[in-house]
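> I would like to see how this sequence folds:
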Amino acid sequence: MISKKTKTAGEVDFNAGEVILIDKYSGWTSFDVVNKIRNVTRTKKVGHAGTLDPAATGLLIVCTGKKTKEIYKYQDERKVYSGVISLGVTTDTLDAEGKVLEEKEVGELSEEEILTVRDSFLGETEQLPPMFSAKKHKGKALYKYARKGVEVERKPNKVFIYSFDILKIELPEIYFRLECSKGTYVRVIAADFGEKLGTGAHLKTLRRKAIGEYSVEDALTIDEFTEIFKVKNVSGG
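All right, here's what the predicted structure looks like:
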């Protein structure tokens, strides 16, 4: 596995297969990361184990070569996120990147009210995948339909919220830490949170802290990865 513990390129064979821990920058798509690693390593077969939205940062597990066959193992792991829910503003993408749909006064909300809503998400719950997402419909990502103003009928997915900690309340912002099952859209949780409070909300920031036993603390940025592998690359690609 390639992580912060990897100091030199050594005898790495990316075609044979490697697992890379990357700390994704905000503004990069998950595909941008895959494409960069493909170019740096000169390896054709590269994939990631779970999309992060462009504005989100944090852990992205990237597999190369024969290790791409094991991507499902990482996709099935629990995910840990931290972020900020911003009350009072709803957007079409459910995050800060989207078009503002509605603005409301947040007013006075007690900690008890917020924690009661938080508790309603714990355990098994159902989510409707957002239109602005990479989930496929008839072979095409939902966001491609959304950009054309087309609403596609979606079926709710069952997800599981293992823990949902409210770290700080500074209205209209709520800081949180969340541990959830695969397939969970944190943007949907943020929007639903605001709906239950009657204020509306969107996800202001998001950072993926962990995937299973793997932590973002051990991940390399793309710049760090490039620095290690740009000179000596023995991938054979």
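
> which residues does the nearest residue to Ile71 once chain neighbours are set aside contact?
Counting by C-beta to C-beta, 6 or more residues apart in numbering, Ile71 lies nearest to Ala49, which is 4.7 Å off, once chain neighbours are set aside. For glycine as for every other residue, the C-beta is placed from the backbone atoms N, C-alpha and C. Ala49 is in contact with Leu60, Ile61, Val62, Cys63, Ile71, Tyr72, Lys73, Tyr74, Gln75, Ile211, counting by C-beta atoms under 8 Å, 6 or more residues apart in numbering.

> Quick check: phi and psi on the last one?
With angles defined as degrees, to the nearest 10, Ile211 sits at phi -130, psi 110.

> That one - nearest residue in space that isn't next to it in sequence?
Glu77 (5.1 Å).

> What does the pLDDT read for the one you found?
At Glu77, the model reports a pLDDT of 96.

> three-state assignment of it?
Following DSSP: H, G, I helix; E, B strand; the rest coil, Glu77 is assigned to coil.

> Ser26 sits in which helix or strand?
Counting by DSSP states H and E, there is no helix or strand that carries Ser26.

> any idea how far it is from Ala56?
Distance of Ser26 to Ala56, computed by C-beta to C-beta, to the nearest Å: 7 Å.

> how about the strands of this protein, start to end?
19-24, 46-48, 57-64, 79-87, 89-91, 100-103, 123-127, 136-137, 140-141, 157-170, 173-180, 201-211, 214-215 (DSSP state E).

> out of those, nearest to Ile228?
strand 19-24 (10.5 Å; C-beta to C-beta).

> center of this protein, which residue is that?
With distances taken as C-alpha atoms, centre = their mean, Leu52 lies nearest the centre of the chain, 3.2 Å away.
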